[in-house]
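Enquirer: can you look at this prediction? I've put the sequence above it.
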Amino acid sequence: MRNFILFIRRFSNLILFLLLEVICIMLISRTQTVQGDDITSSANILIGNMYKQRNDVAYYFALRRMNDSLLRENTELRKRLTASAETDIIYDSAATVPIAFTDSGKVVKYADYVYRTARVINNSVANVNNYITLNRGTKDGVKKDMAVISANGAVGRIVNTSAHFSTAISVLSKKQQVSAKLKDGTAGYVSWDGKDPTQLVMRDVPTQIKVRKGDTVFTTEFSFFPANIRIGTVYKTTLIKSKNMQVLYLRPAADFRKLQYVYVVENKMSAERRRLEEAAKKDDDK
Amino acid sequence: MTTLIKNIIRFCVILLIQVLILNKVTLQWWAQPGGFPVFIPYLYPLFILLLPFETPVAMLLFAGFLCGLSVDAFMNTAGIHAFATVLIAYFRINVLNALLPKNLSEYAGQTPSVKNMGWLPFIVYVSFLVVLHHAAFFTIELWSVSNIGYLLLKIFASSATSVLLIIAYVLLFTRQAGTGKSQRII
């Protein structure tokens, strides 16, 4: 027994070291998956407030750029408004459905989106999984798994919320893929290779699909994003002859370095949809 | 007691510099010249490096763990920074023993500095532990060796800037000249 106590005393530092490292490894391994983002998060009141203080200072210097981007978005929206003003058409996520106004009993309800604005108070592009902290939390109605988009394109997904702050994992993350489609409807996945924040990759596109430089890639209705949000534009394609596939390199539509204001999009149908999908999955398992 | 308070203040200052300034550098358009990988210099290992010589190893380990976890909380990287910082906290005493001519117990009440270690040993001490920290951090973060050139480039670039920043911090914020015991501000 005495020897055992001596042994413990001799190696106490090593044991403590290993213990702490094991705790760290447990923390790391739990957050390696898409689900495990709720352990350490910058969406708590202390860190959120600190980031907010800093952003209040930096905010002032970005006013001019923000003004420009708001004007650009307004122009874009006005263009769409004039395009749809003359026809009685409901633009929807799933389909474009013309409605006869005499038929008042018909209810068209595919998806119902609620947009909330939020300010980006912390942002990063240098890590392998990048997170964005927003100044809106559960008190403003932000919940987990809502989509985050900017005026220009898709940004990310909310992973963690507190009362006044929330964190979102951005599209620039290795563990997060986004369901995407080309102009003609070819579906695939857009991912990030973890290196260059101005480059996204869409793999495994069949070679018979003709893709030109400058083609836009949109989100699909399969993901947490609303459909037809821009993800990026193609600037390079490479063929992989052995797999008969091509790889598309995209410039992201949202400028991740300069994110200032974003929209948190709530899909009111998503809870119902998820319940249905999970029920279908359970049936499959049986 | 004053050493404790001094170190707590230093911890806060270093953490704020790291989180509010250094982490934001990559958000500038000039941060990536010619497709060079984006990297963040990490200044916060300096907190572990500048703890007094006689700090017990258990204390060092806990300090490293806390320091790493705080950075993790700011950067949403649960545990990776803590892992790397605990690692250097454990090896600090061995590196110091190997580099210093006298026994560690003879440096009572002092902290590692250019003055009591000399330029070369101090730089070797800083760069060895920083490279160790960065190697552990980036390897775990990337979690693949398929692209080893990229990993090494990132470790090298980040360590080089970190060491430069640490030396600059030491020269600016700690008292190097003067007589008697080395006194430090922050």
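Expert: It's in. Numbers count the residues shown, from 1 in each chain, chains lettered A, B, ... in the order given.

Enquirer: centroid-nearest residue for the chain?
Expert: Picked chain A for this. Taking Cα atoms, centre = their mean, the centroid of chain A lies closest to A:Gly156, which sits 1.5 Å from it.

Enquirer: should've been chain B
Expert: B:Pro45 (2.1 Å).

Enquirer: where does the stretch 151-286 of chain A come near chain B, residue by residue?
Expert: Proximity of the stretch 151-286 of chain A to chain B is confined to A:167, A:194-198, A:257-258 under the rule Cβ under 8 Å from any Cβ of the partner chain. Any C-beta I mention is one placed from the backbone N, CA and C, and that applies to glycine too.

Enquirer: save those residues as CSV, and put in distance to B:Ala157 and pLDDT too.
Expert: Converted to CSV, these look like this (distance: Cβ to Cβ, whole Å; pLDDT from 0 to 100):
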residue, distance to B:Ala157, pLDDT
A:Thr167, 27, 91
A:Gly194, 15, 80
A:Lys195, 13, 81
A:Asp196, 14, 84
A:Pro197, 16, 86
A:Thr198, 18, 87
A:Arg257, 19, 86
A:Lys258, 23, 84
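
Enquirer: show me the shaky parts of chain A.
Expert: Residue ranges of chain A with pLDDT under 70: A:34-41, A:83-111, A:285-286.

Enquirer: one more time with 80
Expert: By pLDDT under 80, the low-scoring segments of chain A are A:31-44, A:62, A:80-112, A:269-271, A:283-286.

Enquirer: the helices in it, which residues?
Expert: For chain A, the helices defined by DSSP state H cover A:2-10, A:12-30, A:45-61, A:63-85, A:270-285.

Enquirer: A:Asn228: which of the ones you listed is closest?
Expert: helix A:63-85 (11.7 Å; Cβ to Cβ).

Enquirer: using PDB, list the CA coordinates for that closest one.
Expert: Once non-C-alpha atoms are left out, helix A:63-85 reads as follows in PDB (Å, rounded to 0.1, in the frame of the first residue of the first chain):
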ATOM      1  CA  LEU A  63     -21.300  52.100 -42.200                       C
ATOM      2  CA  ARG A  64     -20.400  53.200 -45.700                       C
ATOM      3  CA  ARG A  65     -20.000  49.700 -47.000                       C
ATOM      4  CA  MET A  66     -23.300  48.700 -45.300                       C
ATOM      5  CA  ASN A  67     -25.000  51.600 -46.900                       C
ATOM      6  CA  ASP A  68     -23.800  50.400 -50.300                       C
ATOM      7  CA  SER A  69     -24.900  46.900 -49.800                       C
ATOM      8  CA  LEU A  70     -28.400  48.000 -48.600                       C
ATOM      9  CA  LEU A  71     -28.800  50.100 -51.700                       C
ATOM     10  CA  ARG A  72     -27.800  47.200 -53.900                       C
ATOM     11  CA  GLU A  73     -30.200  44.900 -52.200                       C
ATOM     12  CA  ASN A  74     -33.000  47.400 -52.500                       C
ATOM     13  CA  THR A  75     -32.300  47.700 -56.300                       C
ATOM     14  CA  GLU A  76     -32.400  43.900 -56.600                       C
ATOM     15  CA  LEU A  77     -35.700  43.700 -54.700                       C
ATOM     16  CA  ARG A  78     -37.300  46.500 -56.700                       C
ATOM     17  CA  LYS A  79     -36.300  44.700 -59.900                       C
ATOM     18  CA  ARG A  80     -38.000  41.600 -58.700                       C
ATOM     19  CA  LEU A  81     -41.000  43.600 -57.600                       C
ATOM     20  CA  THR A  82     -41.600  45.200 -61.000                       C
ATOM     21  CA  ALA A  83     -41.100  41.800 -62.600                       C
ATOM     22  CA  SER A  84     -43.900  40.300 -60.600                       C
ATOM     23  CA  ALA A  85     -46.200  43.300 -60.300                       C
END
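
Enquirer: tell me, how many residues neighbour residue 17?
Expert: All of this is about chain A. 22 (other Cβ atoms under 10 Å in any protein chain shown).

Enquirer: try chain B instead
Expert: Residues near B:Ile17, counting by other Cβ under 10 Å: 16.

Enquirer: chain A contacts on chain B?
Expert: So chain B meets chain A at B:19-20, B:23, B:26-29, B:32, B:35, B:37-40, B:57-58, B:61-62, B:64-65, B:68-69, B:72-80, B:82-83, B:86-87, B:90, B:140-143, B:150 (Cβ under 8 Å from any Cβ).

Enquirer: what's the longest helix in chain B?
Expert: helix B:148-173.

Enquirer: averaged pLDDT, it. What do you get?
Expert: Helix B:148-173 carries an average pLDDT of 90.

Enquirer: can you give me the buried ones in that helix?
Expert: B:150-151, B:154-155, B:157-163, B:165-167, B:169-170 (16 or more other Cβ atoms under 10 Å in any protein chain shown).

Enquirer: same question for stretch A:113-125.
Expert: Applying 16+ other Cβ under 10 Å to stretch A:113-125 flags A:116, A:118-125 as buried.

Enquirer: return only those of those residues found close to chain B.
Expert: A:123-125.

Enquirer: inside strands: which ones of these?
Expert: Residues of those located in strands (DSSP state E): none.

Enquirer: lowest confidence element among the helices and strands of chain B?
Expert: Across the helices and strands of chain B, mean pLDDT, DSSP states H and E gives its lowest value to helix B:114-117, namely a mean of 83.

Enquirer: can you give me the offset of that helix from its chain's centre?
Expert: Offset of helix B:114-117 from its chain centre (Cα atoms, centre = their mean, to the nearest Å): 17 Å.

Enquirer: what is the subsequent helix or strand relative to that helix?
Expert: helix B:119-142 (DSSP states H and E).

Enquirer: let me see the mean pLDDT of that following helix.
Expert: 92.

Enquirer: show me what it is packed up against.
Expert: helix B:45-49, helix B:80-99, helix B:148-173 (3 or more Cβ pairs under 8 Å, 6 or more residues apart in numbering or on different chains; DSSP states H and E).

Enquirer: A:Val262: which of these is closest?
Expert: Short answer: helix B:80-99, nearest of those by Cβ to Cβ, at 26.1 Å.
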